[in-house]
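Peer 1: here is my input, please return the structure:
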Amino acid sequence: MRRTLALAWVGAMRTTGTERAVRATLVILGLVTATPAMALVRPETLSTYAGLDVPSDPMVLALLQHRGILQAALGAALVWAAFHPSLRIPAAVTAITTKSTFLFLMATLPGPSRLGDV
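Peer 2: Next up is the predicted model:
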C-alpha cells in the first residue's frame, strides 16, 4: 500500500506544465459551471449570477433549482476529468454542447435579444 502511494506521488511530481494548466483550467471551469447549484440553498443567489429575481411561481423556482443540480453535475464531471484524462473528451463535449445550446436559445429568443446580457 505504501509503495503504491509512493509511486503515485512520484508520478504526480512528474506532471508537466501543460498537464497542470489543463487540470487547473478544468477545475476552474468546473467550479464556475457548478455555481448555479447555490440556488438550491439560497434562491436569492439567482439575482447574482443570472440577473433574476427569486421567482414567485414555485414551478419556475423548481425548474431553476433543477437546472442548478444539472450544472453542478456537469461541473463535477469537469473537475473529475481534470484528474482522469480518459474523461476529458466526453466532459468537454458535454459542456460545449450544453453551453452552445443555451447561447443558441438566447440568440433566437423572440423580441429583443438578451444575448448581450449573458
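Peer 1: any low-confidence regions in this structure?
Peer 2: Where the chain drops to pLDDT under 70, the residues are 1-14, 49-50, 112-118.
Peer 1: what about the helices in it?
Peer 2: In the chain, the helices defined using DSSP state H lie at 2-13, 17-34, 46-49, 58-83, 88-107.
Peer 1: okay, the shortest one in PDB with CA atoms only?
Peer 2: What follows is helix 46-49, C-alpha atoms only, in PDB (Å, rounded to 0.1, in the frame of the first residue of the first chain):
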ATOM      1  CA  LEU A  46     -30.300  33.800  -8.800                       C
ATOM      2  CA  SER A  47     -30.100  37.600  -8.900                       C
ATOM      3  CA  THR A  48     -26.300  37.500  -8.600                       C
ATOM      4  CA  TYR A  49     -25.400  35.000 -11.200                       C
END
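Peer 1: I'd like to know how many residues surround the residue nearest to residue 53 when sequence neighbours are not counted.
Peer 2: Distances taken as C-beta to C-beta, 6 or more residues apart in numbering place residue 47 nearest to residue 53, at 6.0 Å, with adjacent residues excluded. Every C-beta, even on glycine, is put in place using the N, C-alpha and C of the backbone. Residues near residue 47, counting by other C-beta atoms under 10 Å, number 11.
Peer 1: just give me the neighbour total for residue 30.
Peer 2: Using other C-beta under 10 Å, residue 30 is surrounded by 21 other residues.
Peer 1: pull stretch 64-75 out as CSV, backbone CA atoms only.
Peer 2: Provided in CSV are the C-alpha atoms of stretch 64-75 (Å, rounded to 0.1, in the frame of the first residue of the first chain):
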residue,chain,number,x,y,z
LEU,A,64,-34.2,26.9,-11.9
GLN,A,65,-33.1,24.8,-8.9
HIS,A,66,-33.2,21.6,-11.1
ARG,A,67,-31.0,23.4,-13.6
GLY,A,68,-28.6,24.2,-10.8
ILE,A,69,-28.3,20.5,-10.0
LEU,A,70,-27.6,19.6,-13.6
GLN,A,71,-25.0,22.4,-13.8
ALA,A,72,-23.4,21.0,-10.6
ALA,A,73,-23.3,17.5,-12.1
LEU,A,74,-21.6,18.9,-15.2
GLY,A,75,-19.2,21.0,-13.0
